[in-house]
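S.K.: Provided below are the primary sequence and the corresponding predicted coordinates.
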Amino acid sequence: MNSVLAGPIGIDLDNTIVSYDEVLFRVAEEAGLIGPDVDRNKKAIRDFIRTLPDGEIEWQKIQAMVYGPRISEAKLIAGVADFLACCRNRSIRTYIISHKTEYANYDRTGTNLRQAALEWIRNNKLFPLEPCGSIKTLVFFGSTRLEKTEYIRSLKCTCFIDDLIETFLEPSFPTGVVKILFDPHHLHRQPSGMEVFSSWKDLPHRFFSGQS
Ligand SMILES: [Mg+2]
């Protein structure tokens, strides 16, 4: 990956930096949708809820809760902070670029999802050297996948890290940007044209080996 070291590095937010597994489980259990036997990961919870009556709508309601009013309970994925620190120490710029609408259809609290995400980013100190206001210059939200890929292009990212293979398969994904798939559950087998990693703890070594 050394060719991408010049940066900037673009990184997706939801399920790449932020884990919702625990809060999804909690909110779904509180709503009486799941029992304790469901695995505590997003895919298992989603797959189970979708089998229920009005399951798709129920799943969207749960997502609206965890991406909005309950986001403070979501967790920073292990290894992300160290990777960002490695980039900072090497003066490699990092941006967070997220596909996120402002509001969720099924959120009765009317929480602004982008404001909630920015607050989560501040609270988890992802950019500890930045004054509060300037975080907005490092975090970008697109309402569509196309808008997201436009940010990747306009910010001149040399690589992009995402948990969703669909981002990289988007026809508008800029050519020449190295695609790095975060696949913690090993769902994909060597997808062509992409680098794959399953733990953020491995990434500094892969990016920066041989560098001081
Ligand atoms: Mg994601």
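M.R.: Ah, there it is.

S.K.: just for this structure, where's the confidence low?
M.R.: For the chain, applying pLDDT under 70 flags the ranges 1-5, 210-212.

S.K.: got the domain ranges for it?
M.R.: Following automatic domain parsing, the chain resolves into domains at 2-19+75-208, 21-73.

S.K.: can you list these in a markdown table and add distance to the ion and mean neighbour count?
M.R.: Backbone N, C-alpha and C define where each C-beta goes, glycine included. As requested, these are exported to a markdown table (distance: least, Cβ to the ion, whole Å; neighbours: other Cβ atoms under 10 Å):
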| stretch | distance to the ion | mean neighbour count |
| --- | --- | --- |
| domain 2-19+75-208 | 4 | 16 |
| domain 21-73 | 10 | 17 |
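
S.K.: Ser91 - that's part of a strand, no?
M.R.: No: read with DSSP: H, G, I helix; E, B strand; the rest coil, Ser91 is coil and lies in no strand.

S.K.: distance of it from Val66?
M.R.: Counting by Cβ to Cβ, to the nearest Å, the gap from Ser91 to Val66 is 35 Å.

S.K.: which SSE is Asp82 in?
M.R.: Element membership for Asp82, per DSSP states H and E: helix 80-89.

S.K.: just checking, what packs against that helix?
M.R.: Judged by 3 or more Cβ pairs under 8 Å, 6 or more residues apart in numbering; DSSP states H and E, helix 80-89 is in contact with strand 94-99, helix 203-208.
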